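Peer 1: Here's a sequence, model it:
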Amino acid sequence: MTPDGTGGGPPADGRPRHAALETARRDGGISNGDLWLHYFSLTGDAGPLEVEAYLQGLMPLPAAQQDILTQALRECLTEQHSTRQDPHGPHGASPTS
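Peer 2: Sure thing, here's the model as predicted:
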């Protein structure tokens, strides 16, 4: 199960979507700035403070923007996981080779 549930709806555990995304972001070690930058690169149009406020449950975000934010978080977590598995980066070469 993904942190945001299925089909863009609320998570299956009953938590609000913003709370599930925030927990996954924090647990994954993704900074708010990195998440926002990735979100923005995927055509997200909310500002960094708006995204942070949404993740804290302080303001709403349109459903379409929530979907983009969810995709950005998934991609950030995937990149983070790949980097942890290959400490030499995407090319597999050590810096001293």
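Peer 1: what's the burial count for Ala64?
Peer 2: By the measure other C-beta atoms under 10 Å, the count of residues near Ala64 is 12. All C-beta atoms are positioned from the backbone trio N, CA, C, and that covers glycine.
Peer 1: element containing it?
Peer 2: When secondary structure is defined by DSSP states H and E, Ala64 falls within helix 63-85.
Peer 1: can you check Arg15 too?
Peer 2: Counting by DSSP H and E, Arg15 is held by no secondary-structure element, helix or strand.
Peer 1: For Pro48, give its distance to Gln65.
Peer 2: When distance is defined by C-beta to C-beta, to the nearest Å, Pro48 is 13 Å away from Gln65.
Peer 1: neighbour count winner among those two?
Peer 2: Between Pro48 and Gln65, Gln65 has the larger neighbour count (other C-beta under 10 Å), namely 18 against 14.
Peer 1: Tell me who's in contact with that one.
Peer 2: If you count contacts by C-beta atoms under 8 Å, 6 or more residues apart in numbering, Gln65 has them with 44-46.
Peer 1: Highest neighbour count among the residues you listed?
Peer 2: Most crowded among the contacts of Gln65, counting by other C-beta under 10 Å, is Gly44 at 23 neighbours.
Peer 1: For the lowest-mean-pLDDT helix or strand in the chain, buried residues please.
Peer 2: The least trusted helix or strand in the chain, going by mean pLDDT, DSSP states H and E, turns out to be helix 63-85, with a mean of 92. Within helix 63-85, the residues that qualify as buried by neighbour count (16 or more other C-beta atoms under 10 Å) are 65-74, 76-77.
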